[in-house]
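Engineer: here is a sequence together with a model predicted from it:
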Amino acid sequence: MNWATADKYFDQLEHWLDMEGEAERQRMVERRQQKRTGNPERSGETIVNLRLVDHRSGLAGRFLIDFAKPAAERLPMNRLKVGAPVVVSDEDQPDSSGIPGVVSKRTATSVQVALEEWPQARHFRLDLSPDERTRRRQLSAIGRARQLNGSQARLRDRLLGLQELRFHEPPKVEFSTHLNPPQEEAVRFALSARDFAILHGPPGTGKTTTLAEVILQAVRNGERILACAPSNTAVDNLLERLVTQLPSVIRVGHPARVLEWLRGHTLDELVEADESTAIVQEMYREAEMLMRSASKSSRSRNAYTRKGELYAEAKSLRQQARLLERHLVQQVLDRGDVICTTLTLDEELLGDREFDLVVIDEACQSTEPALWQAMLRGKRLVLAGDHCQLPPTIISKAAAREGFATSPMERLINQAGDQVFRRLTVQYRMHESIMRFSSDQFYDGQLIADASVKSHRLADLPIVTEELTDTPIIEFWDTAGASWDEQIETDGMSKFNAKEANWVVKQVQQFVEAGVEPSQIAVIAPYAAQVRLLRNRLQLEGLEVDTVDGFQGREKEVVIITFVRSNTTGEIGFLSDTRRTNVALTRAKRALRIIGDSATLCGNPFYAQLLDYFQTQEAYHSVWELQDDDP
Ligand SMILES: Nc1ncnc2c1ncn2[C@@H]1O[C@H](COP(=O)(O)OP(=O)(O)OP(=O)(O)O)[C@@H](O)[C@H]1O
């Protein structure tokens, strides 16, 4: 992507946002139509036939409502995770626009949603909500970014590659956490940037730990910081590191979207805990009482005049309470050295606040437009992420092809080269042989396994039996020539592979029998149909079976990957985005098992090299080695 002026760049972003909006609306319509033609729950973005089974009051006058299927039936596989924006609607009224809410809790059989209004219906439907509001905020930020002048316009132009970058000498730093040398170098580098700097954090290298140290140092220098990330989970990750070391960190955002144990740091709860809140609440109570007596006093003389007076008094009291409440919120915000929020900023709440430093974690999962709300509030910027893992999710395939799927972090690295980033290279997750292939393919062979993980094995875990003493760290099982073919779900587009699934089930059973806890095992499949099949077959408490996207940023002792694709035409679909496979390959700490069809996969050089790697490690097997009664 190239442009000669800032305006051209912003024209391009507006165009992509339009395409994305259209694609999202189209998808919503299709989803509703599926109701008539097939199973609307297949996408994982809708749950139908729900009943309201329980409710209670939540923070700030919201209702927390539990929905479940009749007879407490298990919910289908779905992406309605805690914090997800949803629309609750009446299933019998397909045209109703529904009530927006946020998922606040979920179990295998129920979903709890925080709603501002009470929903009325006999049968409910939940849909993930298209984020039109976010898009509008991004468009407005783009409009403002076009109009900047002075130093902010210069920062904008440097981000667009239209002006040279500037750095100070790296400062001397007294570190407050124990960091390894590349992490220390990255912190000094980030603090030396006069415009912006990038921290490239490959899997398990302590990117968030390092970013937290940058924030700590900036606070020590008397700076105010806005700390953001594209998702609530990533914001909470950062918050978790900060709250142990800094007293004045404030998490802005819907409390239902914040991890329960971190909610004490949310703006809502800090305001609620403030002494003055009792006064505000008393004022609301008094106003309520005035309203009640007004509604009762109709029989006395001068009743109407009195009624009017009482209503007016109640109204004025409520107004005063609201003003006081707003003032209080601003006072609490002013106390924060660091404000943490997702990239979708609440502009009204933040007012005209500016920050010395804006940091963005997981910046590779952000699109270009998503960056600008935060950007407009900072004098300097530090981005952290890994562009060799999953890119931002884009619905419009056309926009993605044109370049919308390239994150700003990746673009800045391509644009400014080595001068703009530092890479972290010591990783604290994977056994060396799990790490090596990914390191060579994506990180110029620079990753080093820390001594604490370099040769750790399952047998070192306290609970496992002797059976695992000699278990290999990595294995690839090749199905080539065995006719373990992929299949397409009858009424869907997703693919599964029943024989690979059988093999996975056996692997899980073997690990569990040897003493590995199900919660220490992850099964990763690139296709939702394979995930559904395996979830049905493997109902072990704590075991996680998910697509790659569900595991980004996470780790498990044991990871089993089923690649699913096995066909005569060598088609591998979105497995050709090797960043997705990189995420899958780098989640395991002590054992990695893979099953796949080399004949299908190896038309792509990346997979051919993967197979070579397993062969050189003597970790390659063919399923022909299995006995006849195996899968
Ligand atoms: N210098 C260090 N010394 C010891 N352990 C460390 C160090 N830096 C990070 N770690 C540990 O490594 C693990 C990963 O750290 P962190 O979560 O910061 O990494 P990340 O790169 O953000 O992770 P991800 O790959 O999930 O994005 C954590 O358990 C952390 O405590």
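Structural biologist: Okay, I see it.

Engineer: can we go C-alpha only for contacts and neighbour counts from here?
Structural biologist: Noted.

Engineer: tell me what F167 is bridged to.
Structural biologist: A193 (DSSP bridges).

Engineer: name all residues that make contact with it.
Structural biologist: 192-195 (C-alpha atoms under 8 Å, 6 or more residues apart in numbering).

Engineer: if you set the cut-off to 7 Å instead, what comes out?
Structural biologist: For F167, the contact set (C-alpha atoms under 7 Å, 6 or more residues apart in numbering) comprises 192-194.

Engineer: how about TSV for those residues, with neighbour count, pLDDT and distance to A416 added?
Structural biologist: As requested, the contacts of F167 are arranged in TSV below (neighbours: other C-alpha atoms under 10 Å; pLDDT from 0 to 100; distance: C-alpha to C-alpha, whole Å):
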residue	neighbour count	pLDDT	distance to A416
S192	17	96	16
A193	20	95	13
R194	15	94	15
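
Engineer: relative to V111, which of those residues is nearest.
Structural biologist: Nearest to V111 out of those is A193 (C-alpha to C-alpha; 45.1 Å).

Engineer: ok, the closest one touching P171?
Structural biologist: No. Using C-alpha atoms under 7 Å, A193 is not in contact with P171; the gap is 10.3 Å.

Engineer: what's the closest non-adjacent residue to E169?
Structural biologist: S192 (6.1 Å; C-alpha to C-alpha, 6 or more residues apart in numbering).

Engineer: OK, contacts around the one you found?
Structural biologist: Taking C-alpha under 7 Å, 6+ apart, one finds 167-171 in contact with S192.

Engineer: in the stretch 151-300 of the chain, what residue spans correspond to strands?
Structural biologist: Shown for the stretch 151-300 of the chain, the strands assigned by DSSP state E, counting those that start in this stretch span residues 196-200, 225-229, 249-251.

Engineer: how about those in a markdown table, adding mean neighbour count?
Structural biologist: Output for the strands of the stretch 151-300 of the chain, formatted as a markdown table (neighbours: other C-alpha atoms under 10 Å):
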| stretch | mean neighbour count |
| --- | --- |
| strand 196-200 | 27 |
| strand 225-229 | 28 |
| strand 249-251 | 27 |
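
Engineer: what's the closest of the ones you listed to R74?
Structural biologist: Closest approach to R74 among these (C-alpha to C-alpha): strand 225-229, 32.5 Å.

Engineer: the closest one pairs with which strands?
Structural biologist: strand 338-342 (parallel), strand 355-360 (parallel).

Engineer: with only the CA atoms kept, save it in CSV.
Structural biologist: The C-alpha trace of strand 225-229 is given here as CSV (Å, rounded to 0.1, in the frame of the first residue of the first chain):
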residue,chain,number,x,y,z
ILE,A,225,-0.2,6.7,29.5
LEU,A,226,-3.1,5.3,27.5
ALA,A,227,-2.7,1.5,27.2
CYS,A,228,-4.8,-0.2,24.6
ALA,A,229,-5.3,-3.5,22.7
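
Engineer: that strand vs the ligand: in contact?
Structural biologist: No. Against the ligand, strand 225-229 shows no contacts by C-alpha under 6 Å from any ligand atom, the least distance being 11.9 Å.

Engineer: same question, stretch 552-571
Structural biologist: Yes. Using C-alpha under 6 Å from any ligand atom, stretch 552-571 reaches the ligand at 553-554.

Engineer: so which bits of that stretch are buried?
Structural biologist: For stretch 552-571, a neighbour-count test (16 or more other C-alpha atoms under 10 Å) marks 552-553, 555-567, 570 as buried.

Engineer: which other residues reach that stretch?
Structural biologist: Here stretch 552-571 has contacts from 484-486, 496-497, 500, 520-526, 572, 583, 587-597, 600-601, 603, using C-alpha under 7 Å, 6+ apart.

Engineer: and those near the ligand, which?
Structural biologist: Okay, of the contacts of stretch 552-571, nothing touches the ligand (C-alpha under 6 Å from any ligand atom).

Engineer: quick one: pLDDT of T406?
Structural biologist: T406 is assigned a predicted lDDT (pLDDT) of 93.

Engineer: then L155?
Structural biologist: For L155, pLDDT reads 93.

Engineer: the residue lying closest to it once chain neighbours are set aside and A84: what is the separation?
Structural biologist: Excluding its sequence neighbours, the residue lying closest to L155 (C-alpha to C-alpha, 6+ apart) is D195, at 6.2 Å. Here the distance between D195 and A84 works out to 34 Å (C-alpha to C-alpha, to the nearest Å).

Engineer: H55 too?
Structural biologist: Taking C-alpha to C-alpha, one finds H55 at 19 Å from A84.

Engineer: same thing with Q509?
Structural biologist: Relative to A84, Q509 is positioned 33 Å away (C-alpha to C-alpha).

Engineer: more neighbours, these two?
Structural biologist: A84 (19 against 16; other C-alpha atoms under 10 Å).

Engineer: can you pull the phi/psi pair for that one?
Structural biologist: For A84, the backbone dihedrals (degrees, to the nearest 10) come out as phi -70, psi 140.

Engineer: now do the same contact list for the closest residue to E223 other than its chain neighbours.
Structural biologist: Residue nearest to E223 in three dimensions, not counting chain neighbours: D356, with 5.7 Å by C-alpha to C-alpha, 6+ apart. Shown in contact with D356 (C-alpha under 7 Å, 6+ apart): 223-225, 378-380.

Engineer: which one of these is nearest the ligand?
Structural biologist: Nearest to the ligand out of the contacts of D356 is I225 (C-alpha to the nearest ligand atom; 18.8 Å).

Engineer: what bridges to that closest one?
Structural biologist: When assigned by DSSP bridges, I225 has beta-bridge partners V338, L357.

Engineer: secondary structure class for V102?
Structural biologist: strand (DSSP: H, G, I helix; E, B strand; the rest coil).

Engineer: give the bridge partners for it, please.
Structural biologist: Taking DSSP bridges as the rule, V102 bridges to P85, A114.

Engineer: what sits against it?
Structural biologist: 83-86, 113-115, 256.

Engineer: just to revisit the earlier point, filter the contacts of stretch 552-571 down to the buried ones.
Structural biologist: Among the contacts of stretch 552-571, those buried by neighbour count (16+ other C-alpha under 10 Å) are 484-486, 496-497, 500, 520-526, 572, 583, 587-597, 600-601.

Engineer: secondary structure class for L50?
Structural biologist: Strictly by three-state DSSP, L50 counts as strand.

Engineer: pull the number of nearby residues for the residue of the stretch 351-500 of the chain found nearest the ligand.
Structural biologist: Proximity of the stretch 351-500 of the chain to the ligand (C-alpha to the nearest ligand atom) peaks at Y428, 4.7 Å away. A total of 18 residues lie near Y428 under the criterion other C-alpha under 10 Å.
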